[in-house]
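> sequence-free structure coming up:
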Ligand code: 13P
């Protein structure tokens, strides 16, 4: 009942030349059996939407909580949508860290994204210190209640579990650890929003997903796809991850 989602977060990587990778990806997956989302830098969004065609969706990596105004350098959710985005990543740990984004900020941005008709891909995840102190589930619970707005549905919300210590490190939690957190997120969504909505929200795992580990991760219950950083930059790396999700 939940359509699987392979999402790529290009972060601050890529100029116009990188669109060739998106073109190759679109050519390799003309009729994908899963949803595919690529979130390039905002400078590429408009061109990426054109190159991606109908089979691949494009999204932003952040948005402002307001619809317009005196916020130099920021982009509103409506602007992302106007450039071709259908989704936006919010509350990524790199933004929480680099820009001191708090749960309240993420929630306000998510509300703005949903009001503009975008899917909010809200990221949660613990640091290594928090995991070692056995605080993972408490941290996730706090991030979820603080960052996820009330008006969400299975259509406008995706939750991405990204343990900070697994991002860009090549370290991946065990399948049991991934399963524990995903089950916990699912249970909390069901408790807060009811079973219907709670069961319809897609949950992504993110953090060092590669062609070699994707199939195992996608076999974990309540993992509905992945949010992929480094391995989404090249079509040759992302394509087998999409294929693994299609056959999961
Ligand atoms: P990596 O796949 O490079 O570890 O990045 C994960 C991530 O942060 C995606 O948002």
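Sure thing, it's come through. Predicted model only: the values in this text are computed from it and were never measured. Numbering: from 1, shown residues only.
> look up phi and psi at residue 242.
The phi/psi pair for residue 242 (degrees, to the nearest 10) reads phi -60, psi -40.
> now do the contacts for it.
Residue 242 makes contacts with 6, 29, 32, 34, 36, as judged by C-beta atoms under 8 Å, 6 or more residues apart in numbering. Glycine gets a C-beta too; all of them are placed from N, C-alpha and C.
> what's the burial count for the residue in the chain positioned nearest to the ligand?
Among the residues of the chain, residue 229 lies closest to the ligand, at 2.3 Å counting by C-beta to the nearest ligand atom. Residue 229 has 21 neighbours, counted by other C-beta atoms under 10 Å.
> how close does it sit to residue 40?
12 Å (C-beta to C-beta, to the nearest Å).
> same question, residue 5
For residue 5, the distance to residue 40 - C-beta to C-beta - is 17 Å.
> just to check, residue 62 is in contact with residue 95?
Yes: if you go by C-beta atoms under 8 Å, residue 62 and residue 95 touch, sitting 5.8 Å apart.
> which is the next helix or strand following the biggest helix by length in the chain?
Criterion DSSP state H: the longest helix present in the chain is helix 175-193. Where DSSP states H and E defines the elements, the next helix or strand beyond helix 175-193 is helix 195-200.
> can you list contacts of that following helix?
Residues contacting helix 195-200 (C-beta under 8 Å, 6+ apart): 1-2, 152-155, 186-187, 189-192.
> widest-spaced pair of those?
155 and 187 (20.7 Å; C-beta to C-beta).
> checking the residue lying farthest from the centre of the chain next. Helix, strand or coil?
Note on the chain: the largest C-alpha distance from the chain mean falls to residue 70, namely 27.9 Å (C-alpha atoms, centre = their mean). Classification of residue 70 by DSSP: H, G, I helix; E, B strand; the rest coil places it in coil.
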